[in-house]
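1. this is the structure alone, sequence omitted:
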């Protein structure tokens with residue numbers, strides 16, 4: 001097996017394993033209960049994203065936390081789906097391109113980070129006061145602008161927006177960097193020697209025969225035909 005084919009196989013396996021792990025993480029987050037701090041810092045059970053608590057008080061306190069857990073679970077599942085598509089559709093079709101292989105390896109880290117950062121943008125940012133009072137600060141894309149939220153939330157929403165966009169940009173740069181680094185390890189073609197028969201399967205090896213007379217060469221390919229004359233011992237003197 002050639003080196004290009006070997007790299008294609010293990011990169012596809014790596015992407016499949018990463019996709020399975022991300023899907024398992026998404027399921028874990030989906031079924032894990034969420035807890036919030038109520039008044040006087042007393043924990044309040046919120047249920048899980050799969051089965052949220054239907055109590056009106058729990059819904060009021062836990063709504064944002066449950067929504068955040070749902071967004072995290074969906075982002076992990078989406079990242080796993082993207083890596084699975086890369087392993088089954090992109091890498092096999094472009095397995096001879098070294099930059100694709102490097103970008104695919106870097107995407108194991110970059111795709112989940114990008115998905116989690118993008119999922120955090122529409123999720124509401126919540127804070128709590130010293131006594132556990134819930135304070136809603138809007139979303140990173142649409143921060144709250146009222147006086148009370150502005151006084152209690154500071155720049156939490158702006159901070160989350162900057163971190164999300166920064167993580168998304170760094171993820172894209174990581175993928176590009178992986179392709180750039182992998183491209184420097186060699187040419188696009190496999191470095192193993194290729195024979196003439198591998199380049200042209202219909203080509204037959206050239207054959208050089210003698211017609212029985214000394215010094216005459218007949219090339220059966222018809223490319224060149226040469227005749228060599230021999231000199232007698234008397235002419236050489």
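-> Structure received. These numbers were taken from a predicted model, which means no experiment stands behind them.
2. this protein: strands as residue ranges?
-> Under the criterion DSSP state E, the chain contains strands at 35-37, 43-45, 126-128, 134-136, 208-210, 216-219, 226-227.
3. my read: residue 66 touches residue 52, true?
-> Yes - Residue 66 is within contact range of residue 52, at 5.1 Å (criterion: C-beta atoms under 8 Å). C-beta here means a position set from N, CA and C on the backbone, and glycine is covered the same way.
4. which neighbours do the two share?
-> Where contact means C-beta atoms under 8 Å, 6 or more residues apart in numbering, the residues bridging residue 66 and residue 52 through contact with each are residue 46.
5. what sits against the residue nearest to the spatial centre of the chain?
-> Note on the chain: the residue nearest the mean C-alpha position is residue 107, at 2.2 Å, using C-alpha atoms, centre = their mean. Taking C-beta under 8 Å, 6+ apart, we find residue 107 in contact with 15, 82-83, 86, 175, 178.
6. what of residue 169?
-> Remark: with contacts taken as C-beta under 8 Å, 6+ apart, residue 169 is in contact with nothing.
7. that one and residue 25: what is the separation?
-> 23 Å (C-beta to C-beta, to the nearest Å).
8. how many neighbours does residue 89 have?
-> Residues near residue 89, counting by other C-beta atoms under 10 Å, number 10.
9. ugh, wrong one, I meant residue 111
-> 25.
10. okay, it: pLDDT?
-> pLDDT recorded at residue 111 is 96.
11. for it, give its distance to residue 170.
-> Using C-beta to C-beta, one obtains 12 Å as the distance from residue 111 to residue 170.
12. cool, residue 56 as well?
-> Separation of residue 56 from residue 170 (C-beta to C-beta) stands at 41 Å.
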